Each structure stands twice: as C-alpha cells, then as structure tokens.
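Student: show me the folded form of this:
(one chain, ligands or ions: 2)
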Amino acid sequence: MEQLEYADEGRTELSSLGEFALIERIKEHFETKNKSTVKGIGDDCAVIGTGRQKVLVSTDTMTEGVQFDMTYTPLKHLGYKAVARSLSNIAAMNGVPLQILVSIAVSNRYSVEAVEELYDGIRRCCERYDVDLVGGDTTSSRSGLVITVTTIGTADEDKVVYRNGAKRYDLICCSGDLGSAYSGLLVLEREKATYQADPSSQPDLDGYDYVLERYLKPEPRLDIIAELRKRGIVPTSMIDVSDGLASELLHICKESSCGCEVYEEHIPIDYQTSRVCEEISKNMIPLSNALNGGEDYELLFTVSQSDYEKVKEIEGIAIIGHITDAASGAKLVTPHNMTIDLIAQGWTSQDNDD
Ligand code: ADP
Ligand code: MG
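Tutor: Ligands and ions are numbered 1, 2, ... in the order given. Below you'll find the predicted structure:
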C-alpha cells in the first residue's frame with residue numbers, strides 16, 4: 001500500500017487513501033461468521049442464503065453536490081437514476097432484481113411536490129423493471145438531498161457471477177457504448193458555466209439528447225442479462241461500468257488474479273461522445289471518457305472462448321479483448337500496436353513502441 005500522509009499524529013486524511021483502499025481497510029476489521037453469508041464486501045452485491053437460490057443485496061447512495069447537481073438534474077430523472085444504478089449492481093451479478101428500499105434525507109429547501117416528483121421517477125424505474133418498493137427511511141437533512149437505494153434480487157447459486165472468475169484466454173465483452181454519460185455531464189457543466197457567466201443566456205442542449213439521457217437517465221442492462229440467459233451463457237466474471245472501463249477492468253484483474261489485453265479500436269464509443277469531446281477541447285480524447293468517465297452502467301464481462309459463437313450473436317455486445325496471466329498486467333493496445341498500462345485514473349504510456 002502507498003505511504004500514507006499524516007496531517008497530524010494519528011490522523012490519516014481520507015484523500016490520501018481513496019475510496020477503494022478505505023473499503024479494504026473497513027473490510028479488514030470484519031470477519032463473516034454466518035454460513036448464509038456467501039459473499040460479503042467486495043463485489044457488486046452481497047450474496048446471501050443457504051439454499052440453491054441466493055439472495056443478492058446492494059446499496060447505493062447519491063448525495064447532492066457530489067453525485068448530482070440540482071441546477072441541471074430534474075428530480076424525476078434523479079429518482080429514476082438512483083434506482084437504475086442500484087439495479088445495475090444486481091445485473092452485474094447475473095441476477096434478477098425484485099425489491100427496493102429507498103431512504104431519503106431531505107432539507108426543508110425541498111417541497112412536498114419536489115419529493116413527489118422524485119418518487120415519480122422512482123416509480124417509473126420500478127415499473128419498467130418490475131421491481132417493488134417495499135420500504136425505506138425518511139429523515140431531514142441540513143444540507144440538500146441524499147438518496148440511498150437498496151436493491152434485493154435473486155439468482156440460482158450456479159448462475160451468480162462474481163468479479164473473480166475470469167480465466168486466461170477468456171474473451172472480454174462490453175455492452176452498449178462507453179464514455180457517453182460523461183460526455184453528457186460535460187455538456188451540462190458547460191451550459192451551467194455559460195449560465196453563471198450570463199444568467200440571461202438560454203441553455204443550448206439541442207442535438208445532445210443521447211449523451212444527456214445517458215447521464216441523466218441511465219438504464220440497468222437487465223436486457224443483456226436476459227439475452228445471456230436465453231443463449232445459455234454464464235459469464236466467468238462480470239462488473240457494471242460505474243467508474244470507467246479502466247477501473248472496472250482492474251477490479252476484474254485483481255479479483256480474478258489475471259491480466260488483460262483490450263484493443264483501443266474495439267472499445268465501443270458513440271460518435272456523439274466523440275463530437276462532444278471535440279467541441280469541449282482539442283486535448284480531450286473520447287477514449288479517455290470511456291476509460292475514466294464512468295456512470296455508463298454498461299456491463300463488462302468475460303466469457304470462455306467456447307461461448308464466442310453465442311456471444312457474438314447478441315446485439316450491442318463488443319468483444320474488446322481477452323484475459324491474460326497476472327504477470328502480463330492490464331494493458332490497452334493502441335491501433336499502432338503500442339501497449340499502454342491501464343490505470344484507474346488516466347493511463348501512462350509505456351516505452352514499448354514498435
Ligand atoms: P459499486 O461501484 O459496484 O457500487 P462500491 O465500490 O461502492 O461498488 O463497493 C464495492 C464493495 O464494497 C461492495 O461490496 C460494497 O458493498 C462494499 N462497501 C462499500 N462501501 C462500504 C462501507 N462503507 N462499508 C462496508 N462495505 C462497503
Ligand atoms: Mg457495481
């Protein structure tokens with residue numbers, strides 16, 4: 001682990017650790033004791049139960065000013081997204097979501113109508129994915145809105161897919177396209193800055209529908225889970241893309257004790273994602289949005305080579321690379337055959353050009 005910075009004796013700054021190391025540190029102090037705890041901290045969901053059918057549980061929080069900005073987030077969309085991102089974790093375990101609990105902490109800056117609008121979005125997502133709202137908690141908050149969605153789902157024991165099952169030579173697959181949600185966020189941030197500089201200006205969001213929807217109203221890829229099931233494919237490992245492709249590939253490699261090689265030209269990037277990048281800055285490359293942007297809620301999974309014929313039949317699945325051994329590390333191969341180390345934030349070039 002990296003050297004920690006101590007601001008004063010006995011105090012470790014959270015920023016010196018980062019989210020993943022903090023979770024690791026929490027985990028170290030807890031052992032699971034119950035036979036029914038099949039999987040605890042460390043995957044997209046906890047897996048619980050002693051029977052053949054397992055229960056999947058996942059919880060996810062969105063905080064105003066951190067995960068969402070009320071200046072450009074319609075409450076209806078926020079409710080929908082809070083549920084969608086929680087359901088996505090059930091999809092990432094190859095499960096079916098059934099129930100949610102929703103907890104809100106809300107400041108008196110919000111009206112009853114505003115809370116109803118939030119729940120309108122929650123209801124729409126529940127309806128779309130046949131999920132029941134079965135409980136939650138309501139408290140007040142001194143600063144803004146916090147929403148936590150806990151989702152419960154199920155999967156047969158032999159169908160649960162963890163992050164740790166990838167094997168050498170497995171194919172790495174990815175649903176949909178990547179980086180578009182981050183492009184949507186960039187557009188919204190640009191319009192917010194324009195408005196702040198000149199409050200009489202009108203937001204110019206025409207022609208950005210796709211990237212805006214990807215950011216504001218993502219969908220959990222339960223349709224892909226259904227397609228995999230229909231074709232009898234059980235991925236060897238899976239994760240949802242919430243933090244960017246690079247970070248998720250590294251999770252799979254770490255948990256599966258393997259390496260990976262993904263090909264830049266096979267990473268699915270929509271032309272609208274690229275267009276936004278070009279507009280915002282000459283230095284912004286779409287690949288970087290895909291690797292580091294996050295919030296796409298697509299599925300990243302690995303399948304055995306023997307499933308190649310079946311997986312390639314599924315619409316909207318890209319085969320982006322393959323699994324290698326741990327010693328080879330996690331690599332991105334450019335169209336010019338340069339190999340670059342994948343790192344969680346951005347990537348560094350390796351002097352390996354030929
Ligand atoms: P995701 O990005 O899929 O939502 P996270 O990175 O939030 O996953 O969480 C990774 C794992 O760590 C999950 O198993 C989650 O339940 C667990 N986890 C996250 N935060 C905490 C916490 N504060 N205490 C215990 N477990 C946590
Ligand atoms: Mg996840």
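Student: where exactly do the strands run in the stretch 1-150 of the chain?
Tutor: 6-8, 11-12, 37-39, 46-48, 53-63, 96-106, 132-140, 146-156 (DSSP state E, counting those that start in this stretch).
Student: in JSON lines: those, plus mean neighbour count and mean pLDDT.
Tutor: To be clear about C-beta, it is placed using only N, CA and C from the backbone, and glycine gets the same treatment. Formatted as JSON lines, those follow (neighbours: other CB atoms under 10 Å; pLDDT from 0 to 100):
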{"stretch": "strand 6-8", "mean neighbour count": "9", "mean pLDDT": "54"}
{"stretch": "strand 11-12", "mean neighbour count": "10", "mean pLDDT": "88"}
{"stretch": "strand 37-39", "mean neighbour count": "17", "mean pLDDT": "98"}
{"stretch": "strand 46-48", "mean neighbour count": "19", "mean pLDDT": "98"}
{"stretch": "strand 53-63", "mean neighbour count": "19", "mean pLDDT": "98"}
{"stretch": "strand 96-106", "mean neighbour count": "20", "mean pLDDT": "98"}
{"stretch": "strand 132-140", "mean neighbour count": "12", "mean pLDDT": "98"}
{"stretch": "strand 146-156", "mean neighbour count": "21", "mean pLDDT": "98"}
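Student: as a markdown table, the ones you listed with distance to residue 195 would be great.
Tutor: Formatted as a markdown table, the strands of the stretch 1-150 of the chain follow (distance: least, CB to CB, whole Å):
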| stretch | distance to residue 195 |
| --- | --- |
| strand 6-8 | 37 |
| strand 11-12 | 39 |
| strand 37-39 | 45 |
| strand 46-48 | 42 |
| strand 53-63 | 23 |
| strand 96-106 | 25 |
| strand 132-140 | 30 |
| strand 146-156 | 25 |
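Student: so which of those comes closest to ligand 2?
Tutor: strand 53-63 (7.3 Å; CB to the ion).
Student: taking strand 96-106 as reference, get the angle to the closest one.
Tutor: Using axes from the mean of the first three to the mean of the last three CA atoms, to 10 degrees, the inter-axis angle of strand 53-63 relative to strand 96-106 is 30 degrees.
Student: centre of the chain to strand 53-63, how far?
Tutor: 13 Å (CA atoms, centre = their mean, to the nearest Å).
Student: and the angle for it with strand 146-156?
Tutor: Using the same axes, to 10 degrees: strand 53-63 against strand 146-156 is 160 degrees.
Student: list the strands paired with strand 53-63, with their directions.
Tutor: strand 46-48 (antiparallel), strand 146-156 (antiparallel) (DSSP bridges).
Student: so how far is the longest one from its chain's centroid?
Tutor: When you say that, I think you mean strand 146-156. The answer for strand 146-156 is 15 Å, by CA atoms, centre = their mean.
Student: CA atoms only for that strand, dumped as CSV, please.
Tutor: Listed next in CSV are the C-alpha coordinates belonging to strand 146-156 (Å, rounded to 0.1, in the frame of the first residue of the first chain):
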residue,chain,number,x,y,z
VAL,A,146,-29.3,12.4,0.0
ILE,A,147,-30.9,9.3,-1.5
THR,A,148,-30.0,5.7,-0.8
VAL,A,149,-31.5,2.8,-2.8
THR,A,150,-31.0,-0.8,-1.5
THR,A,151,-32.0,-3.5,-4.0
ILE,A,152,-32.8,-7.1,-3.3
GLY,A,153,-32.6,-9.7,-6.1
THR,A,154,-32.1,-13.4,-6.7
ALA,A,155,-30.1,-15.8,-8.8
ASP,A,156,-29.5,-19.5,-8.7
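Student: contacts for that strand, please.
Tutor: 45, 52-64, 78-79, 82-83, 85-87, 89-90, 93-106, 118, 131 (CB atoms under 8 Å, 6 or more residues apart in numbering).
Student: what's downstream of that strand, the next helix or strand?
Tutor: Downstream of strand 146-156, the next assigned helix or strand under DSSP states H and E is strand 171-175.
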